[in-house]
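Undergrad: this is the structure alone, sequence omitted:
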């Protein structure tokens, strides 16, 4: 039943994107195709989405570049940052959420609740700007570079070390070759100083993302752990004299893992929003720049680049939710018993 | 069976009568108000008073910030911006040329109305649809709610609401504005509440007391309104405060990005800024009193790369506090209500 919904959901999302983005564009360019042409236009959009024909960039910085090419340039940067940020977030969120939900100390509980609330309502760009302001002069003195201006060394750094000349494997001031992943490309070209600065700048951005995202995750995850801690099998295990530490890190941890996956799926949009804004705050050229520029029609870019991106995201989230539902039923013994 | 045994047999209350004893009022009366709930209600009451007084004080120009050209830095010297003082308790926002205390106060009724309207649409749709889906697990209604909920929820809400709003603004520029933005936001946010409520309602529907009520002759509507809906309120109360965050995310991030993180040419002397709104903004003008916009302009002017080493903290701190305290107060009220309404806590 659940699997049967997935294709329909994808069609619904495409229809929504068509009505939100494609059709208004047609109307403004006086190409309104009417009700009769609706299906033709929709079929054309679906075909374009699947074949990668996403149009041509109208951004002043990337004029005439096919949108797919633009994604191929900018997305690896975001994926690399996301890998670091998610790794750090998981390393922080998993133990903290477990402990905050498990412990009965009022001080810890209140601290966890207030921290999660502050993090939820504190705009991430303010956190990012405060970090930049705090690091600015120290970073400049240590690395002859600016802590914002993207993850790879800024123009001033290249000016300092090579008179402003970028190496041939750095194009458009931010895109590296051949893989597009700055850290991997730095390794391939054995540019160790570049590698050091890029790693530090990536870690700074990843930490800012983690700080905010962990607090959002914590609010959801804490309640899951509280519910798990009240279950009978844990009380039974406690009555047999099993240590609290074992109960928490073995029994309760195993119980909440699938739910944590659901929580992550539900907070994925919040995570993406956080990363996109952090990229924009640090003037990083990645998917965040593309999305926010499109949504604000900045730099000549319209909504068109978003269509493909939103469809990709929707596909990922729909399949992820489906996979988590299946996984939860496989893992959770109560679901197996209940059928 | 003789007549004597009939007369001494215990009598069981009718389902309706039995349930009326555990109505919403009884649920609320089970516990005294906790300190968190008192605190939250107190803060929300203060906000409400501020909003009502703003409606009276600024009745002639409620939708327009009052500005003073003398506070806008002018070339060639660009005087330093005015910080908090007795005359201007929250300082001055030079880009807009406005007193920040007045601006934050004037924005209160607008922001409360925006947040309350969005949360109302969000909560009603999410709670009722989620509970209906959970009650009818595996049925057609469940499939429809899961279908639309997961489809809408698969696109980040801020993407979807801004894209839909921008699309509609392109088609019908005169009919868009804050009311449409509020409606779209409410329609986009409900899936998370519906999904979590559905999970809870699914478990409630399997409880033995529900079987008992059903055996006593209670109908589906009765079971839904008296058992499923009230006992599935916890996910709604947990999610509602979190749904405040994306509202201000959209209202703050886009004008900030448009004004500050963009490569638009800015006047050369910081912190002088000429703020404007992105084309897809729901606000009618940049001088419309709204905390998100004030925070965006204040951050751009007071905390940016051009002000490193000389941050004008008041420009972003007070609108930020107005947003954060409101969000935290809503969270306290929701948490407090959850503790009073949820039978598992008692």
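TA: The structure has been received and is ready for your questions. Keep in mind that this is a model prediction, so the values were computed, not measured. Residues are numbered from 1 along each chain as shown, chains lettered A, B, ... in the order given.
Undergrad: alpha carbons only for contacts and neighbour counts from here, please
TA: OK.
Undergrad: just give me the longest helix of the chain.
TA: Picking chain A for this. helix A:192-229 (DSSP state H).
Undergrad: try again with chain B
TA: Under DSSP H, chain B gives helix B:100-135 as its longest helix.
Undergrad: whether it contacts chain A - can you check?
TA: No - applying Cα under 8 Å from any Cα of the partner chain, one finds helix B:100-135 separated from chain A by no less than 13.5 Å.
Undergrad: avg pLDDT for that helix?
TA: The average pLDDT within helix B:100-135 is 94.
Undergrad: re earlier: in the longest helix of chain A, what counts as buried?
TA: Using 16 or more other Cα atoms under 10 Å in any protein chain shown as the test for burial, helix A:192-229 gives A:194-199, A:201-226, A:228-229.
Undergrad: which neighbouring elements make contact with it?
TA: Helix A:192-229 sits against helix A:67-102, helix A:106-121, helix A:124-143, helix A:182-188, helix A:253-281, with contacts defined as 3 or more Cα pairs under 8 Å, 6 or more residues apart in numbering or on different chains; DSSP states H and E.
Undergrad: what does whatever helix or strand comes next after it contact?
TA: Next in sequence after helix A:192-229, counting helices and strands by DSSP states H and E, comes helix A:232-239. Applying Cα atoms under 8 Å, 6 or more residues apart in numbering or on different chains, the contact partners of helix A:232-239 are A:244, A:247, A:251, A:252.
Undergrad: at 10 Å instead, please
TA: A:228, A:229, A:240, A:241, A:242, A:243, A:244, A:246, A:247, A:248, A:251, A:252 (Cα atoms under 10 Å, 6 or more residues apart in numbering or on different chains).
Undergrad: which helices and strands does the helix or strand that contains residue B:190 pack with?
TA: Using DSSP H and E, residue B:190 sits within helix B:178-205. Here helix B:178-205 touches helix A:253-281, helix B:100-135, helix B:140-153, helix B:157-171, helix B:229-231, helix B:233-239, helix B:244-256, going by 3 or more Cα pairs under 10 Å, 6 or more residues apart in numbering or on different chains; DSSP states H and E.
Undergrad: dump the ones you listed into JSON lines; add distance to residue B:41 and mean neighbour count as well.
TA: Converted to JSON lines, the helices and strands packed on helix B:178-205 look like this (distance: least, Cα to Cα, whole Å; neighbours: other Cα atoms under 10 Å in any protein chain shown):
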{"stretch": "helix A:253-281", "distance to residue B:41": "28", "mean neighbour count": "22"}
{"stretch": "helix B:100-135", "distance to residue B:41": "14", "mean neighbour count": "23"}
{"stretch": "helix B:140-153", "distance to residue B:41": "31", "mean neighbour count": "20"}
{"stretch": "helix B:157-171", "distance to residue B:41": "28", "mean neighbour count": "22"}
{"stretch": "helix B:229-231", "distance to residue B:41": "21", "mean neighbour count": "20"}
{"stretch": "helix B:233-239", "distance to residue B:41": "15", "mean neighbour count": "21"}
{"stretch": "helix B:244-256", "distance to residue B:41": "17", "mean neighbour count": "23"}
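Undergrad: mind checking which of these is nearest residue B:57?
TA: Minimum separation from residue B:57 across those (Cα to Cα) falls at helix B:100-135, 8.6 Å.
Undergrad: could you report the pLDDT at the residue nearest to the spatial centre of chain A?
TA: The residue lying closest to the centre of chain A (Cα atoms, centre = their mean) is residue A:272, at 3.3 Å. Predicted confidence (pLDDT) for residue A:272: 84.
Undergrad: could you find the closest non-adjacent residue to it?
TA: residue B:156 (7.8 Å; Cα to Cα, 6 or more residues apart in numbering or on different chains).
Undergrad: just the pLDDT for that neighbour.
TA: pLDDT at residue B:156 comes out at 78.
Undergrad: any weak-confidence spans in the stretch 201-346 of chain B?
TA: Scanning the stretch 201-346 of chain B for pLDDT under 70 picks out B:261-273, B:305-309, B:342-346.
Undergrad: again, but for chain A
TA: For chain A, counting by pLDDT under 70, the residues that fall below are A:1-4, A:22-38, A:104, A:172-173, A:297-304, A:325, A:328-339.
Undergrad: and for it, the residue most distant from the center?
TA: residue A:240 (43.0 Å).
Undergrad: quick check: that one vs residue A:225, distance?
TA: Distance, residue A:240 to residue A:225, by Cα to Cα, to the nearest Å: 21 Å.
Undergrad: over to residue B:247?
TA: 28 Å.
Undergrad: what's the answer for residue A:146, then?
TA: Counting by Cα to Cα - residue A:146 and residue A:225 are separated by 41 Å.
Undergrad: tell me, how many residues neighbour residue A:245?
TA: 10 (other Cα atoms under 10 Å in any protein chain shown).
Undergrad: need phi/psi at residue B:92.
TA: Residue B:92 adopts backbone torsions of phi -120, psi 140, taken as degrees, to the nearest 10.
Undergrad: now it: closest residue in space, sequence neighbours ignored.
TA: Nearest to residue B:92 is residue B:99, by Cα to Cα, 6+ apart, at 4.7 Å.
Undergrad: same check on residue B:316?
TA: Residue B:316 sits nearest to residue B:298 (Cα to Cα, 6+ apart), 4.5 Å away.
Undergrad: is it true that the one you found touches residue B:96?
TA: Yes - contact status for residue B:298 versus residue B:96: in contact at 9.4 Å, counting by Cα atoms under 10 Å.
Undergrad: these two: who's more crowded?
TA: residue B:298 (30 against 24).
Undergrad: helix/strand/coil for the more buried one?
TA: Using DSSP: H, G, I helix; E, B strand; the rest coil, the structure places residue B:298 in helix.
Undergrad: quick one, what contacts it?
TA: B:92-96, B:100, B:256, B:273, B:275, B:292, B:304, B:312-320.
Undergrad: try 7 Å
TA: B:93, B:315, B:316 (Cα atoms under 7 Å, 6 or more residues apart in numbering or on different chains).
Undergrad: quick check: the second one is in a helix.
TA: Yes - when the secondary structure is assigned by three-state DSSP, residue B:315 falls within a helix.
Undergrad: get me the contact residues on chain A for chain B.
TA: With the criterion set to Cα under 7 Å from any Cα of the partner chain, chain A comes near chain B through A:5, A:9, A:12-13, A:20-21, A:24, A:27, A:117, A:120-123, A:129, A:133, A:269, A:280-281, A:295-296, A:298, A:310, A:313-314, A:317-318.
Undergrad: ChimeraX command for the buried members of the residues you listed?
TA: A single ChimeraX command selects the buried members of those (16+ other Cα under 10 Å):
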select /A:5,9,12,13,20,21,24,117,120,121,122,123,129,133,269,280,281,295,296,298,310,313,314,317,318
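Undergrad: would CSV of the helices and strands packed on helix B:178-205 with distance to residue A:305 be doable?
TA: Listed next are the helices and strands packed on helix B:178-205 as CSV, based on distance: least, Cα to Cα, whole Å:
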stretch, distance to residue A:305
helix A:253-281, 15
helix B:100-135, 28
helix B:140-153, 20
helix B:157-171, 12
helix B:229-231, 42
helix B:233-239, 31
helix B:244-256, 17
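Undergrad: and the ones you listed: which comes nearest residue B:220?
TA: The closest of those to residue B:220 is helix B:100-135. By Cα to Cα, the value is 9.3 Å.
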